[in-house]
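Participant: my questions are about this predicted structure, shown below with the sequence.
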Amino acid sequence: MAKILFITGGARSGKSRLAESLAEGFGTPLCYIATGQALDTEMEERISAHRTRRGGNWHTVEEPLRLAETIRNVDGSFQAILVDCITLWLTNLLLTNEDTDKVMAKVGALVEVMPKGKTPLILVSNEVGMGIVPENALARKFRDLAGKANQMLASAADEAYVTFSGIPIRLK
């Protein structure tokens, strides 16, 4: 069983940089599973900035929906697998199918795959529940879904971190 790391924090808190640094500690080559989709110019720019920062030691797999299957497919081919990010994956699933039970079943499938891997796995997820209560039902559904998913994933991880203002804090 390979090591599993979970990293959470707010937007622009340093989660991805911490995850990339921890992944690089396992050696190369590295796999970056990107769940975000370049659906607008701003997202295209974010994706480009992430790719440039990572450099040439990373193989990128773009997968917005089938995360557990993708992890299973690349397992054993890299020194570490980094998933960035869980909350974008949840957004993709929620917008495809608003049934939260089905989305949570996919989170459960991910939790089942995690300890079976040979390759260290690093999961990045946003902490979205520390702010105000969202105004609309879909946003509240997403906040609650992300909170439940983060709890499941952090519980299944060997190590968990939160980042604040670029400063990582190890939770377990």
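Facilitator: That came through fine.
Participant: which parts of stretch 121-140 are buried?
Facilitator: By neighbour count on 16 or more other C-beta atoms under 10 Å, the buried set for stretch 121-140 is 121, 122, 123, 124, 125, 126, 127, 128. All C-beta spots, glycine's among them, are computed from the backbone N, C-alpha and C.
Participant: by pLDDT, give me the weakest of these.
Facilitator: The member of these with the lowest pLDDT is residue 128, at 93.
Participant: surely that residue and residue 144 touch.
Facilitator: No - Residue 128 is beyond contact range of residue 144, at 9.6 Å (criterion: C-beta atoms under 8 Å).
Participant: report pLDDT for residue 98.
Facilitator: Reported pLDDT for residue 98: 69.
Participant: which neighbours do residue 128 and residue 144 share?
Facilitator: With contacts defined as C-beta atoms under 8 Å, 6 or more residues apart in numbering, no residue is shared by residue 128 and residue 144.
Participant: packing partners of the helix or strand of the chain at the bottom of the mean pLDDT ranking?
Facilitator: Least confident element among the helices and strands of the chain, by mean pLDDT, DSSP states H and E: helix 41-54 (a mean of 78). Secondary-structure packing of helix 41-54 (3 or more C-beta pairs under 8 Å, 6 or more residues apart in numbering; DSSP states H and E): helix 15-24, strand 30-34.
Participant: which residues sit against the next helix-or-strand element following it?
Facilitator: Next along the chain after helix 41-54, taking DSSP states H and E as the criterion, comes strand 58-62. The contact list for strand 58-62 (C-beta under 8 Å, 6+ apart) reads 29, 30, 31, 32, 33, 34, 37, 51, 54, 70, 74, 78.
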